[in-house]
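**Student:** Predicted model and sequence follow; I will ask about them next.
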Amino acid sequence: MANSAHILIVDDDPLNRVVLENTLADEYSISLCASGEEALTFLESNTVDLIISDIRMPGMSGYDLLEKLKEKQNTYSIPFIIISASNSYNDEAKGLEMGAMDYITKPFSPVIVKARVKNHLAIKQKNDLLEKLAAIDGLTEIPNRRLLDETLTSYWQACSKSYEPLSLFLVDIDYFKEFNDTYGYAAGDECLIKVAQALNESSRKHDGFVARYDGVRFAALQKGRNKDQIALFAKHMHDVIDDLTIPHKSSPICAHVSISIGIVHIDKDFSGSEQGVLKLADDALVKSHMQQERVTILSR
Ligand SMILES: Nc1nc2c(ncn2[C@@H]2O[C@H](COP(=O)(O)OP(=O)(O)OP(=O)(O)O)[C@@H](O)[C@H]2O)c(=O)[nH]1
């Protein structure tokens with residue numbers, strides 16, 4: 001990231017902006033804003049890796065800007081460096097306590113600014129990697145249950161506000177215990193990886209989300225689709241897994257690995273909780289198993 005990192009400089013003084021830009025432009029891509037308000041608007045449609053901001057600016061101060069950024073999920077983790085003419089310990093302490101990563105006083109040494117920026121970008125890169133790893137399932141390398149819970153909450157909030165339909169799928173690999181017993185646990189792992197990757201790829205192609213839910217079950221989310229489209233997507237999931245043609249000689253229902261699907265389709269009724277919907281999807285999956293249906297869709 002370091003060489004292609006994008007840095008936002010916020011300062012009302014044009015000369016300060018130019019000096020900082022000249023200090024960093026050789027190594028990074030730089031954007032400039034002349035006020036906190038302008039920076040907030042800029043960040044609504046742009047992503048940056050680090051922000052360097054003055055404190056005292058007309059209108060919104062650097063502290064106010066920092067406070068606003070800390071309130072938003074998409075900006076709270078951007079490293080924020082304060083650059084200020086004030087060498088008061090109180091100002092420095094206030095900035096650091098509010099979550100700024102560093103405090104540099106003006107006039108500054110270009111070498112020191114460069115070194116500090118480089119260090120903070122390296123820390124951010126490691127934090128981003130850790131965050132990514134914490135959201136990925138170790139075996140299948142698709143999103144894990146933690147990311148599913150977060151994504152379900154954000155889809156749930158968005159759909160209940162916009163009255164868009166939301167569908168939650170639970171997908172189970174059929175007779176997987178028998179698969180492990182027949183082919184061995186390592187082959188079982190390989191099968192899980194293939195199924196997970198296939199479901200993930202097809203779901204991403206259709207603007208959806210898939211995660212490993214537990215053991216051999218996966219959860220998928222789709223927004224804004226009516227019941228017919230959902231039934232069609234479930235058929236597509238079956239086709240994708242059928243096309244893998246992974247032999248399963250001990251399955252009583254199919255010569256190769258197959259899946260069962262339970263779906264809850266929520267059309268406007270967002271009462272209750274996300275966890276309640278997961279339970280309903282589980283009920284739909286149990287129904288699919290009991291009635292030997294490939295798909296069960298419950299609506300509410
Ligand atoms: N190889 C492998 N097996 C796993 C893993 N996680 C869970 N399993 C096994 O998957 C099997 C799941 O069994 P069940 O939940 O009973 O499901 P099933 O045999 O597919 O039965 P139905 O759900 O009725 O189709 C268990 O035997 C688990 O030990 C894993 O990461 N790797």
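**Tutor:** Received it, and whenever you're ready, just let me know what you need.
**Student:** After the helix or strand hosting residue 70, heading C-terminal, what element do we hit next?
**Tutor:** Per DSSP states H and E: residue 70 is located in helix 62-71. Later in the chain than helix 62-71, the nearest helix or strand by DSSP H and E is strand 80-84.
**Student:** quick one: average confidence on the helix holding residue 70?
**Tutor:** Helix 62-71 carries an average pLDDT of 96.
**Student:** and that helix, what other elements does it pack with?
**Tutor:** helix 36-45, strand 50-53, strand 80-84, helix 89-97 (3 or more Cβ pairs under 8 Å, 6 or more residues apart in numbering; DSSP states H and E). To be clear about C-beta, it is placed using only N, CA and C from the backbone, and glycine gets the same treatment.
**Student:** so which of these comes closest to residue 178?
**Tutor:** Closest to residue 178 of these, according to Cβ to Cβ: helix 36-45, at 51.9 Å.
**Student:** From residue 275, how far off is the residue of the stretch 1-150 of the chain found nearest the ligand?
**Tutor:** Nearest residue of the stretch 1-150 of the chain to the ligand: residue 139, at 5.5 Å (Cβ to the nearest ligand atom). Counting by Cβ to Cβ, to the nearest Å, the gap from residue 139 to residue 275 is 24 Å.
**Student:** more crowded one of these two?
**Tutor:** Shown here are residue 139 and residue 275; by other Cβ atoms under 10 Å, residue 139 has more neighbours (13 against 10).
**Student:** isn't there a strand covering that one?
**Tutor:** No: assessed with DSSP: H, G, I helix; E, B strand; the rest coil, residue 139 is coil; it does not lie in a strand.
**Student:** quick one, what contacts it?
**Tutor:** Residues in contact with residue 139 (Cβ atoms under 8 Å, 6 or more residues apart in numbering) are 189, 192, 193, 212.
**Student:** low pLDDT regions in the chain?
**Tutor:** Across the chain, the ranges flagged by pLDDT under 70 are 1-3.
**Student:** ok, the residue in the stretch 51-200 of the chain that the ligand sits nearest to - contacts?
**Tutor:** Nearest residue of the stretch 51-200 of the chain to the ligand (Cβ to the nearest ligand atom) works out as residue 188 at 2.6 Å. By Cβ under 8 Å, 6+ apart, residue 188 lies in contact with 176, 179, 180.
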